[in-house]
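Trainee: requesting a structural model of the entry that follows:
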Amino acid sequence: MPKKGENISLTSYDDLFETDESRAESQLERVQNIPVRELVPFKNHPFKVLDDEAMLRTTESIAEYGVLTPLIARPLDHGGYEIISGHRRAHAAELAGLAEVPVLVRDMDDDAATVLMVDSNLQRENILPSERAFAYKMKLEAMKHQGSRSDLTSTQLAQKLSVEKVGEEAGVSKDTVRRFIRLTNLVPDLLDLVDCKQISFNPAVELSYLSPEEQETFLQAMDEVQAAPSLSQAQRLKKLAQEGNFTMDAAREIMNEVKKGDLERVTFRNEQLRKYFPRSYTAQQMQDTIIKLLDQWQKKKSREHER
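Mentor: Numbers count the residues shown, from 1 in each chain. Now for the predicted structure:
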């Protein structure tokens with residue numbers, strides 16, 4: 001029994017009816033300063049974190065102003081936090097020498113975390129084809145898994161679990177989603193060429209139907225002829241593979257063909273032209289000079305023909 005004059009602390013109405021779940025959620029759904037060393041990348045994260053010029057700018061900004069937009073992460077059972085959104089910010093903060101970063105800690109299951117990870121990263125500019133391909137695939141698999149669980153059948157994510165849903169949320173068609181996912185069947189070296197724009201998207205989709213061994217053979221043929229495949233060539237390579245007739249000789253023969261565009265284009269190597277021009281000349285200045293000289297040559301030939 002409390003002593004006379006002693007203050008008595010009464011439990012509030014909200015505290016009486018607050019559930020253990022809501023208490024836990026209120027503790028987790030808030031921004032916390034988390035040591036950088038306790039953050040780990042999302043498992044099989046498809047988005048590349050590169051030390052490029054953009055990363056340098058981000059690092060300089062964070063060094064001066066700090067991390068303005070909190071990361072999103074989830075607590076791990078064995079300790080630490082798995083980053084869901086903010087891999088680039090975390091890396092830049094580490095490069096800038098920050099010990100802690102602001103993080104919105106959210107308790108999420110694997111599927112929900114995957115969907116959020118993909119959605120938050122697809123908003124970035126300059127996403128590589130390989131990144132988009134694996135992101136679409138990961139999200140589709142997570143959404144299908146969510147739909148197969150009876151406890152999630154009433155959620156919004158479970159209403160339309162399909163390629164159409166992934167495309168709708170990404171602002172692209174279902175066919176575009178399917179074609180990007182096809183790129184995940186490419187061997188790493190071939191996928192790198194797509195990212196570097198040495199192989200166009202449409203031919204790459206056709207090449208994804210080749211087996212890994214056939215893709216490696218194709219890469220050898222491509223390296224020998226020093227040419228990228230056109231859509232028509234890639235389609236014929238795919239047909240050969242489907243018919244069981246794909247060989248190194250067949251791939252080399254197709255890749256050695258002169259493309260229609262090559263018949264209408266004349267190219268010169270830089271070293272072939274440099275000896276005729278001052279070092280200070282740009283490529284555009286060299287082109288303008290060549291055209292001017294050809295015009296003069298054509299006029300001279302016309303006058304000679306009139307005589």
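Trainee: who are the contact partners of residue 116?
Mentor: Residue 116 makes contact with 72, 84-85, 108 under the criterion C-beta atoms under 8 Å, 6 or more residues apart in numbering. In short, each C-beta sits where N, CA and C put it, glycine included.
Trainee: give me the pLDDT value at it.
Mentor: Listed pLDDT for residue 116 reads 93.
Trainee: what of the one 10 residues further on?
Mentor: At residue 126, the pLDDT value in this model is 83.
Trainee: hmm, back to that, report the two of the contacts of residue 116 separated the most.
Mentor: The most widely separated members of these, counting by C-beta to C-beta, are 85 and 108 (11.3 Å).
Trainee: please say which of those two ends up with more neighbours.
Mentor: Ranked by neighbour count (other C-beta atoms under 10 Å), residue 85 and residue 108 place residue 85 first, with 24 against 18.
Trainee: I figured that one hits residue 121, correct?
Mentor: Yes: using C-beta atoms under 8 Å, residue 85 is in contact with residue 121, at 7.1 Å.
Trainee: what does the helix or strand hosting residue 140 contact?
Mentor: Per DSSP states H and E, residue 140 falls inside helix 129-147. Helix 129-147 is contacted by residues 44, 46-48, 110-112, 114-115, 117-119, 121-122, 127, 152-153, 155, 157-158, 161, 163, 165-166, 170, 177, 180-184, 191-192, 194-195, 201, 204 when judged by C-beta under 8 Å, 6+ apart.
Trainee: hmm, which of those residues are the buried ones?
Mentor: Neighbour-count burial (16 or more other C-beta atoms under 10 Å) is assigned, among the contacts of helix 129-147, to 46-47, 111-112, 114-115, 117-118, 121-122, 127, 152, 157-158, 161, 163, 165-166, 170, 177, 180-183, 191, 194-195, 204.
Trainee: returning to that earlier point: render the CA-only coordinates of the helix holding residue 140 in PDB, please.
Mentor: Taking C-alpha atoms only, helix 129-147 is exported to PDB below (Å, rounded to 0.1, in the frame of the first residue of the first chain):
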ATOM      1  CA  PRO A 129      20.100  -4.300 -68.100                       C
ATOM      2  CA  SER A 130      21.500  -7.000 -65.900                       C
ATOM      3  CA  GLU A 131      20.300  -5.200 -62.800                       C
ATOM      4  CA  ARG A 132      16.800  -4.700 -64.100                       C
ATOM      5  CA  ALA A 133      16.700  -8.400 -65.300                       C
ATOM      6  CA  PHE A 134      17.600  -9.900 -62.000                       C
ATOM      7  CA  ALA A 135      15.400  -7.400 -60.100                       C
ATOM      8  CA  TYR A 136      12.300  -8.300 -62.100                       C
ATOM      9  CA  LYS A 137      13.100 -12.000 -61.600                       C
ATOM     10  CA  MET A 138      13.600 -11.600 -57.800                       C
ATOM     11  CA  LYS A 139      10.400  -9.600 -57.400                       C
ATOM     12  CA  LEU A 140       8.300 -12.000 -59.500                       C
ATOM     13  CA  GLU A 141       9.500 -15.000 -57.500                       C
ATOM     14  CA  ALA A 142       8.800 -13.200 -54.200                       C
ATOM     15  CA  MET A 143       5.300 -12.100 -55.200                       C
ATOM     16  CA  LYS A 144       4.400 -15.600 -56.400                       C
ATOM     17  CA  HIS A 145       5.600 -17.000 -53.100                       C
ATOM     18  CA  GLN A 146       3.500 -14.500 -51.200                       C
ATOM     19  CA  GLY A 147       0.500 -15.500 -53.300                       C
END
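Trainee: alright, that wraps it up for me.
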